[in-house]
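A.B. asks: Give me a 3D structure for the following:
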Amino acid sequence: MSGKEHPISVLCDAHTIPMLMFLRENGPSCKTDIYASVGRSANMPLKIARLEGSGLVRVDEVGISDVVGLTELGESVAARLGEIDSLMLEQRP
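C.D. replies: Model (predicted):
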């Protein structure tokens, strides 16, 4: 992919995999809950926007809150990340 970013690169940002795993375990969540559980970086809104732009999450306005949830693609990616996590846990000494 010359000159073009590979889609998987969105997972390279700090906190993105933990955000996907959090949403997989907890379902759609307010941004504030994600920040409290995953991390409070000034770049978190940009990371969520990048995940949204990649089609992994959707952000819905619910009242005065923004609720983030996994898309169908995000569910599939998070499930596979969960499988990788389990595999790695099994291999620990």
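
A.B. asks: Pretty sure residue 70 sits against residue 24.
C.D. replies: Yes - counting by CB atoms under 8 Å, residue 70 does reach residue 24; the two are 6.6 Å apart. (Each C-beta comes from the backbone N, C-alpha and C, glycine too.)

A.B. asks: Give me the residue at the spatial middle of this structure.
C.D. replies: residue 20 (2.9 Å; CA atoms, centre = their mean).

A.B. asks: Could I get the full set of strands for this structure?
C.D. replies: 29-30, 57-62, 65-70 (DSSP state E).

A.B. asks: just to revisit the earlier point, which of residue 70 and residue 24 has more neighbours?
C.D. replies: More crowded of residue 70 and residue 24, by other CB atoms under 10 Å: residue 70, with 21 against 16.

A.B. asks: in this structure, which ranges drop under the pLDDT threshold?
C.D. replies: Across the chain, the ranges flagged by pLDDT under 70 are 1-3.

A.B. asks: what ranges do the helices span in the protein?
C.D. replies: 16-26, 31-38, 44-53, 72-90 (DSSP state H).

A.B. asks: closest to residue 87 out of the strands of the chain?
C.D. replies: strand 65-70 (20.9 Å; CB to CB).

A.B. asks: Give me the residues contacting stretch 70-80.
C.D. replies: 11, 20-21, 23-24, 28, 51, 55-58 (CB atoms under 8 Å, 6 or more residues apart in numbering).

A.B. asks: ignore the last one, stretch 38-55
C.D. replies: 7, 10, 13-16, 18-20, 22, 31, 34-35, 57-59, 68, 71, 73-74.

A.B. asks: All good on my end, thank you.
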